[in-house]
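Asker: Using only what follows, build the 3D model:
(2 chains)
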Amino acid sequence: MNTIYHDLERLLAEGETVAVATIVRVRGSVPREVGTKMIVRAGGKHIGTVGGGCGEGDVILAGLDVLQTGRPRTVAVDLTEDISMISQGVCGGIMDVFVERWQPEGEPTF
Amino acid sequence: MTVHPMSDPILTALTQSITRKRPVALATVVAATGLWAAQVGRKAVVWLDQEPLGLGNAHEYGSLGLGDLDARALADAHDALAHKHHRLLRYEIEGEQVEVFVEVQRRPPTLIIVGAGHIAVPLAQLGGLCAFSVTVLDDRAQFATRERFPTADQVIAAPFRKTMREMPIDNDTYVVLVTRGHQHDIDCLLEVIDGPAAYIGMIGSKRRVRAVFELLEREQGMNPAKFDRVYSPIGLDIGAETPAEIAVCIMAEIIKVFRGNAGTARSISDERREKARRRSA
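Answerer: Modelled structure (predicted):
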């Protein structure tokens, strides 16, 4: 069977450094459940989804940042904006997403 | 010269365990204040059984770098794994806060559909959509076919009872009994009722199901409490009528059980269980 960890293993084996985002806490109504993961690759391509339009852009940006700095961090994605006709998201909660860098073993950290 | 990077031993332990269908959890320090901040990102792998990969004689591999707290955090991670739920653990050490996220890798659930009739076709599709590994069994070779169940992982044409007796069933297995005749449903029910299956559902009207259970009680001397675990009449009460709608109502009930009964919707069979409880009270 293939899981996102197998994708991660494959990318690392190919020598690619990536960022991995994991939803660790949710409050209110959010698009994906705790434990959902997404791999962010250089250039912003991603594998998996933390919920599409609803705040996913924020997570990809955080992933690109962590790819650069190597410093893991947690981003709070707030989907509680006022409900209006122009609002893009349909959710009403907040999710905390842990973002960390994975790199092939044996590469210098910085 | 091509450089072949070595893989991360934690990641290797995790993917190998998943491939071998061993229950496993990944614990990661996701937040920490003060001196502990340097440990954010540290990881360990936790197994339910003694680790299966020859990495040592233990239930875990790796360290969170949290000193005395490590053993407690890994014990809590083990507990989360035993309960099959992700968990965000929070600790305070010497006035500092530490958070550890435990990600539980569940074994992929299996849906066994016994009977390849009208309901089995949409149910096999729905099971696949919901990421269940789907097996369809029927004793009629013209119904148990790949053409009829293109998305199923396994389609078996073989006698019901003998096949169900030999079928590997664990506590991530969901069994749906929808054969063409009640006798086959009952035969297969008797094969799985004492086993570890997470879910056993059997089709039939309220009246029919009650009569079947009373018959088994009378003629086979079965303890009626045994039937409490059987979801029969099968499915959630959404007024389903067509085979496709009934498949949705069955899959909805399976999801409810799979998600630890987190939802508030009622099973059609809840009424039967409540009546039985009232009688015994």
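Asker: Residue of chain A closest to chain B, please.
Answerer: The nearest approach of chain A to chain B comes at A:Pro104, 3.2 Å away (C-beta to the nearest C-beta). C-beta: built from backbone N, CA, C; applies to glycine.
Asker: before we move on, which element is that residue in?
Answerer: Using DSSP states H and E, A:Pro104 sits within no helix or strand.
Asker: Remind me what the longest helix along chain A packs against, helices and strands.
Answerer: For chain A, the helix with the greatest residue count under DSSP state H is helix A:56-69. Judged by 3 or more C-beta pairs under 8 Å, 6 or more residues apart in numbering or on different chains; DSSP states H and E, the packing partners of helix A:56-69 are strand A:18-27, strand A:37-40, strand A:73-78, strand A:94-102.
Asker: What strands line up against the first one, and which way round?
Answerer: Spelled out, it's strand A:18-27. With DSSP bridges as the test, strand A:18-27 is paired with strand A:37-40 (antiparallel), strand A:94-102 (antiparallel).
Asker: Dump the helices and strands packed on helix A:56-69 into CSV; add mean neighbour count and mean pLDDT as well.
Answerer: Converted to CSV, the helices and strands packed on helix A:56-69 look like this (neighbours: other C-beta atoms under 10 Å in any protein chain shown; pLDDT from 0 to 100):
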stretch, mean neighbour count, mean pLDDT
strand A:18-27, 22, 94
strand A:37-40, 22, 95
strand A:73-78, 18, 90
strand A:94-102, 23, 94
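Asker: so where is the chain shaky, pLDDT-wise?
Answerer: Just so you know, I chose chain A. The model of chain A has pLDDT under 70 over residues A:1-2, A:53-54, A:81-91, A:106-110.
Asker: my bad, chain B
Answerer: Applying pLDDT under 70 to chain B flags residues B:1-7, B:51-57.
Asker: How about the residues of the stretch 51-200 of chain B by chain A?
Answerer: B:His86, B:Leu88, B:Glu99, B:Phe101, B:Glu103, B:Val104, B:Gln105, B:Pro108 (C-beta under 8 Å from any C-beta of the partner chain).
Asker: Could you identify the most distant pair in those residues?
Answerer: Of all pairs drawn from these, the widest gap by C-beta to C-beta lies between B:Glu99 and B:Pro108 and measures 28.3 Å.
Asker: more neighbours, those two?
Answerer: B:Glu99 (20 against 14; other C-beta atoms under 10 Å in any protein chain shown).
Asker: residues in contact with the residue nearest the centre of chain B?
Answerer: Taking C-alpha atoms, centre = their mean, the centroid of chain B lies closest to B:Asp172, which sits 3.0 Å from it. Neighbour list for B:Asp172: B:Arg106, B:Arg107, B:Pro108, B:Pro109, B:Thr110, B:Ala198 [criterion: C-beta atoms under 8 Å, 6 or more residues apart in numbering or on different chains].
Asker: Report the beta-bridge partner residues of the residue nearest the centre of chain A.
Answerer: Central residue of chain A (C-alpha atoms, centre = their mean): A:Ala21, 3.1 Å from the mean position. Using DSSP bridges, the bridge partners assigned to A:Ala21 are A:Met38, A:Val99.
Asker: And for A:Ala76?
Answerer: Applying DSSP bridges, one finds that A:Ala76 bridges with A:Asp96.
Asker: residues in contact with it?
Answerer: Shown in contact with A:Ala76 (C-beta under 8 Å, 6+ apart): A:Ile94, A:Met95, A:Asp96, A:Val97.
Asker: Now do the same contact list for the last one.
Answerer: By C-beta under 8 Å, 6+ apart, the residues touching A:Val97 are A:Ala21, A:Thr22, A:Ile23, A:Val24, A:Val50, A:Val59, A:Ala62, A:Thr74, A:Val75, A:Ala76, A:Val77.
Asker: got a markdown table for the residues you listed, with distance to B:Leu236 too?
Answerer: Shown next, in a markdown table, are the contacts of A:Val97 (distance: C-beta to C-beta, whole Å):
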| residue | distance to B:Leu236 |
| --- | --- |
| A:Ala21 | 33 |
| A:Thr22 | 31 |
| A:Ile23 | 27 |
| A:Val24 | 31 |
| A:Val50 | 29 |
| A:Val59 | 34 |
| A:Ala62 | 39 |
| A:Thr74 | 37 |
| A:Val75 | 37 |
| A:Ala76 | 35 |
| A:Val77 | 32 |
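Asker: buried residues in the strand or helix carrying B:Leu11?
Answerer: In this assignment (DSSP H and E), B:Leu11 forms part of helix B:9-19. Within helix B:9-19, the residues that qualify as buried are B:Ile10, B:Leu11, B:Thr12, B:Ala13, B:Leu14, B:Thr15, B:Gln16, B:Ser17, B:Ile18, counting by 16 or more other C-beta atoms under 10 Å in any protein chain shown.
Asker: ok, now which ones touch the second one?
Answerer: Yep, that's B:Leu11 we're talking about. Counted by C-beta under 8 Å, 6+ apart, B:Leu11 has contacts A:Tyr5, A:Leu8, A:Glu9, A:Leu12, A:Trp102.
Asker: Can you say which of those are buried?
Answerer: Among the contacts of B:Leu11, those classed as buried by 16+ other C-beta under 10 Å are A:Tyr5, A:Leu8, A:Glu9, A:Leu12, A:Trp102.
Asker: on contacts alone, who are the packing partners of the strand or helix carrying the third one?
Answerer: Under the criterion of DSSP H and E, A:Glu9 resides in helix A:4-13. Applying 3+ C-beta pairs under 8 Å, 6+ apart, one finds that helix A:4-13 contacts strand A:18-27, strand A:37-40, helix B:9-19.
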